[in-house]
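> Sequence plus the predicted model coming up.
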Amino acid sequence: MARVALGCGNFGGVGSAPEFFGRGLGDEEAFKVMDAAWEAGIHHFDTADAYGGGRSERAIGRWIGSRGVRPTLTTKTFNPMRAGGDHGLSRERVERQLASSLERLGVERVELYLAHEFDPDVALRETFAAFGAARAAGTIAAYGVSNFDVGQLREALDAGEPQAIQNSLSLFERGDERELLPLCAERGVAYSAFSPLAGGWLTGKYRRGAPYPPGSRMRQRPEPYQPLVRAQTFDRLEQLEAIARRRDSSAAATALAWLLADERVKQIVVGPGRPEHLDPVRDALERPLDLDDRAELGRLFGS
């Protein structure tokens with residue numbers, strides 16, 4: 001699994017939220033981001049059938065066709081592609097959605113196919129039977145899950161052979177550290193971390209007492225990050241910036257380096273809005289965090 005993947009959830013929308021379908025980055029902006037990622041050596045692209053209501057996959061497909069290169073691909077299914085649409089992980093729906101994803105991407109197979117969420121209404125054995133059939137047919141190389149807690153991952157491991165899990169992990173979101181990451185290490189499940197900068201909170205763009213920047217997640221879709229709006233958050237961010245200055249680095253690069261220093265985290269998924277947002281990724285890869293700084297950050301952002 002590539003150490004860094006390009007998250008494409010902002011191509012044609014803001015993640016899977018139907019109210020933002022058609023917004024986010026248009027093709028011209030998305031192509032610039034993909035070009036910059038490719039030039040930076042990021043050759044694994046991460047998307048989902050519901051991102052932008054299918055627009056993300058289509059943008060990647062058009063980019064592949066125009067550039068003549070083939071990134072490693074992760075895509076996912078669960079969420080409806082339009083408001084009021086069907087959702088879930090039934091075998092029939094998985095088969096239909098995978099075929100649609102391949103068509104939009106313009107490829108014959110994807111390297112990793114994920115259940116985007118846990119479906120309480122469908123047995124995982126049914127879902128994994130569909131995934132296994134797709135693997136046997138050569139339309140996917142491997143399968144896994146996303147947004148599963150430790151109990152759900154245990155259920156998944158009992159039901160099939162998920163090879164990867166993609167969950168939210170950052171200095172502000174550390175719930176997987178205690179049980180889920182050790183389980184992944186024990187069972188050989190590759191852990192991929194999305195939202196490693198907590199929706200931009202770890203970049204320094206949000207300042208104490210200042211309005212949120214135009215186009216930021218806190219302007220577009222603030223609900224997931226509302227618990228961070230408190231004095232303690234800004235105290236921690238100021239200390240993160242102090243550590244970053246000590247390293248002659250940025251807050252974003254330091255936060256990414258903290259994740260990359262954990263050998264249990266096999267991949268981070270970054271979702272830049274502009275090509276220059278990839279600069280902290282390069283910095284984090286080129287200058288690993290030492291053990292003392294990582295321990296200090298762990299204490300600083302502890303509960």
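Received it, and whenever you're ready, just let me know what you need.
> All the strands of the stretch 51-200 of the chain, residue numbers only.
When secondary structure is read from DSSP state E, counting those that start in this stretch, the stretch 51-200 of the chain shows strands at 72-77, 110-115, 140-146, 164-168, 190-194.
> got it, and the stretch 201-303 of the chain?
For the stretch 201-303 of the chain, the strands defined by DSSP E, counting those that start in this stretch occupy 265-270.
> shaky segments in it?
Filtered on pLDDT under 70, the stretch 201-303 of the chain yields the residue ranges 303.
> What segments of the stretch 51-200 of the chain are helices?
55-67, 91-105, 124-137, 150-159, 180-187 (DSSP state H, counting those that start in this stretch).
> Ok, which of those helices comes nearest Glu117?
Judged by Cβ to Cβ, the one of these that comes nearest to Glu117 is helix 150-159, at 9.4 Å. From N, CA and C alone the C-beta is placed, and that goes for glycine too.
> coming back round to it: take the helices of the stretch 51-200 of the chain and write them to JSON lines, including mean pLDDT, mean neighbour count and distance to Trp38.
Listed next are these as JSON lines, based on pLDDT from 0 to 100; neighbours: other Cβ atoms under 10 Å; distance: least, Cβ to Cβ, whole Å:
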{"stretch": "helix 55-67", "mean pLDDT": "97", "mean neighbour count": "21", "distance to Trp38": "7"}
{"stretch": "helix 91-105", "mean pLDDT": "98", "mean neighbour count": "18", "distance to Trp38": "16"}
{"stretch": "helix 124-137", "mean pLDDT": "98", "mean neighbour count": "18", "distance to Trp38": "27"}
{"stretch": "helix 150-159", "mean pLDDT": "98", "mean neighbour count": "16", "distance to Trp38": "32"}
{"stretch": "helix 180-187", "mean pLDDT": "98", "mean neighbour count": "16", "distance to Trp38": "29"}
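> Turn those helices into CSV, including distance to Gly7.
What follows is these, written out as CSV (distance: least, Cβ to Cβ, whole Å):
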stretch, distance to Gly7
helix 55-67, 10
helix 91-105, 15
helix 124-137, 22
helix 150-159, 21
helix 180-187, 20
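> Quick check: which of the ones you listed is nearest to Arg230?
Among the helices of the stretch 51-200 of the chain, the nearest to Arg230 by Cβ to Cβ is helix 180-187 (25.7 Å).
> on contacts alone, who are the packing partners of that closest one?
Applying 3 or more Cβ pairs under 8 Å, 6 or more residues apart in numbering; DSSP states H and E, one finds that helix 180-187 contacts helix 150-159, strand 164-168, strand 190-194.
> how does it look with 7 Å?
For helix 180-187, the packing partners by 3 or more Cβ pairs under 7 Å, 6 or more residues apart in numbering; DSSP states H and E come out as helix 150-159.
> right, and Arg3 touches Gln267 too?
Yes - applying Cβ atoms under 7 Å, one finds Arg3 in contact with Gln267, separated by 6.2 Å.
> These two: which is more packed in?
Comparing Arg3 with Gln267 by neighbour count (other Cβ atoms under 10 Å), the higher total belongs to Gln267, at 22 against 15.
> residues in contact with that one?
When contacts are counted by Cβ atoms under 7 Å, 6 or more residues apart in numbering, Gln267 touches 1-5, 192.
> now with 6 Å?
Contact partners of Gln267, counting by Cβ atoms under 6 Å, 6 or more residues apart in numbering, are 1, 5, 192.
> Name only those of these that count as buried.
Among the contacts of Gln267, those buried by neighbour count (16 or more other Cβ atoms under 10 Å) are 1, 5, 192.
> circling back: closest to Arg219 out of the helices of the stretch 51-200 of the chain?
When the helices of the stretch 51-200 of the chain are compared by Cβ to Cβ, helix 55-67 sits nearest Arg219, at 20.3 Å.
> CA atoms of that closest one as CSV?
Once non-C-alpha atoms are left out, helix 55-67 reads as follows in CSV (Å, rounded to 0.1, in the frame of the first residue of the first chain):
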residue,chain,number,x,y,z
ARG,A,55,-18.4,13.2,-10.3
SER,A,56,-15.2,12.4,-8.5
GLU,A,57,-14.8,9.0,-10.3
ARG,A,58,-15.7,10.6,-13.6
ALA,A,59,-13.0,13.3,-13.1
ILE,A,60,-10.4,10.7,-12.4
GLY,A,61,-11.5,8.7,-15.4
ARG,A,62,-11.2,11.8,-17.7
TRP,A,63,-7.8,12.6,-16.2
ILE,A,64,-6.5,9.0,-16.8
GLY,A,65,-7.8,9.2,-20.4
SER,A,66,-6.2,12.6,-21.1
ARG,A,67,-2.8,11.9,-19.4
